[in-house]
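# sequence-free structure coming up:
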Ligand SMILES: *Cc1c(COP(=O)(O)O)cnc(C)c1O
């Protein structure tokens with residue numbers, strides 16, 4: 001028998017979440033009489049742990065897909081995806097130009113070294129590119145004072161038939177928690193890109209779900225948003241659950257109880273004895289540990305569902321097991337169904353918060369040893 005743990009990926013949730021985001025954009029845009037922007041569904045990191053093979057058919061209605069691994073982009077083409085694919089970090093080395101060319105990939109261009117490579121390359125047709133501005137996050141992109149020069153260099157490559165400048169992009173650092181900081185980034189973007197041709201792409205999930213940003217956005221319908229996390233049914237906002245936006249969890253991590261026992265008053269649980277019972281209680285051992293991708297930093301009190309009843313984790317998470325409180329589930333037994341996160345259990349965001357991290361990290365980190373099923 002395989003170990004009783006699995007991750008289930010709901011294709012209908014993925015499709016539902018994309019449709020929900022699309023609808024919200026439409027509504028927000030119709031208020032100022034504009035068309036909804038195009039959507040790059042972000043599927044980097046193996047579609048946030050959901051599998052490229054699942055994401056490609058589930059996101060069939062997206063206008064394009066965005067990622068950063070060339071292997072993932074090529075897999076999308078193999079799976080028959082014929083619409084645009086955006087490489088969020090662009091090329092890493094000269095050899096990547098041939099891949100961009102052969103597979104008609106759209107590339108971000110964020111530094112002079114990439115322009116140098118493009119300038120020295122031959123292509124069969126102009127490569128579609130988005131030119132990235134560093135508007136304050138200080139990760140990738142040209143500084144505002146370098147942006148127009150970089151753009152001019154690329155326009156020269158455009159003349160030579162090497163590139164086709166499709167758009168201008170940037171990335172928000174605090175769209176989830178600081179509207180003022182986001183507004184400053186947006187103002188910088190508008191100023192630095194003014195008068196330069198191309199569509200606009202600046203919005204991650206948090207910005208896409210924040211309609212108040214919309215009136216300030218340049219580009220009108222000629223705009224591409226780049227939602228990721230919300231498409232997987234998790235929230236980009238601390239303290240605002242995903243269901244508030246009508247999103248459904250797409251990944252469910254479930255396991256079973258492999259042991260049930262009584263814990264005596266004064267007895268402790270697990271490594272470090274971090275939980276000690278004040279009274280006699282029933283506990284269960286779940287076939288899930290940190291080697292499965294469950295966060296070791298989740299401590300006593302982290303929510304978990306046993307046979308549909310919400311209860312809590314006890315003590316430290318081990319490599320292959322964790323212990324739960326069965327007090328609210330008196331009928332629980334060996335084989336009882338346990339949902340660690342997802343449908344029928346706590347949200348991945350709740351578990352992440354208890355572990356001092358974010359849902360993104362947990363969704364991406366489910367271990368290869370956990371069998372994954374698409375439904
Ligand atoms: C990951 C990523 C996104 C999507 O971010 P979410 O917060 O998951 O919506 C958008 N743009 C870029 C450049 C990214 O790297």
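That came through, no problem. Not measured: the values here are computed from a predicted model.

# which residues in the stretch 201-350 of the chain form strands?
Applying DSSP state E, counting those that start in this stretch to the stretch 201-350 of the chain gives strands spanning 224-225, 251-263, 268-269, 275-276, 281-286, 303-306, 309-314, 322-325, 337-341.

# right, and these - which one's nearest the ligand?
Closest approach to the ligand among the strands of the stretch 201-350 of the chain is made by strand 224-225 (8.7 Å; C-beta to the nearest ligand atom). In short, each C-beta sits where N, CA and C put it, glycine included.

# Each with direction, which strands does the closest one pair with?
The pairing partners recorded for strand 224-225 under DSSP bridges are strand 38-42 (parallel).

# How about the strand it pairs with and the ligand, touching?
Yes - with C-beta under 6 Å from any ligand atom as the criterion, the ligand is reached by strand 38-42 at residue 42.

# Show residues contacting that strand.
Contacts to strand 38-42, defined as C-beta atoms under 8 Å, 6 or more residues apart in numbering, come from residues 18, 21-22, 25, 48, 55, 59, 62-67, 84, 86, 88, 199, 201, 204, 223-228, 231.

# hang on, the earlier thing: for residue 144, which of the strands of the stretch 201-350 of the chain is the nearest?
For those, proximity to residue 144 was assessed by C-beta to C-beta; strand 224-225 is nearest, at 20.8 Å.

# Next, the contact list for the residue in the chain that the ligand sits nearest to, please.
Of all residues in the chain, residue 228 sits closest to the ligand, at 2.5 Å by C-beta to the nearest ligand atom. Counting by C-beta under 8 Å, 6+ apart, residue 228 makes contact with 41, 42, 43, 44, 48, 204, 205.

# ok so, going back, would you list the strands of the stretch 201-350 of the chain in JSON lines and tack on distance to residue 144 and mean neighbour count?
As requested, those are exported to JSON lines (distance: least, C-beta to C-beta, whole Å; neighbours: other C-beta atoms under 10 Å):
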{"stretch": "strand 224-225", "distance to residue 144": "21", "mean neighbour count": "25"}
{"stretch": "strand 251-263", "distance to residue 144": "38", "mean neighbour count": "20"}
{"stretch": "strand 268-269", "distance to residue 144": "54", "mean neighbour count": "18"}
{"stretch": "strand 275-276", "distance to residue 144": "52", "mean neighbour count": "18"}
{"stretch": "strand 281-286", "distance to residue 144": "51", "mean neighbour count": "21"}
{"stretch": "strand 303-306", "distance to residue 144": "44", "mean neighbour count": "23"}
{"stretch": "strand 309-314", "distance to residue 144": "47", "mean neighbour count": "20"}
{"stretch": "strand 322-325", "distance to residue 144": "48", "mean neighbour count": "25"}
{"stretch": "strand 337-341", "distance to residue 144": "40", "mean neighbour count": "25"}
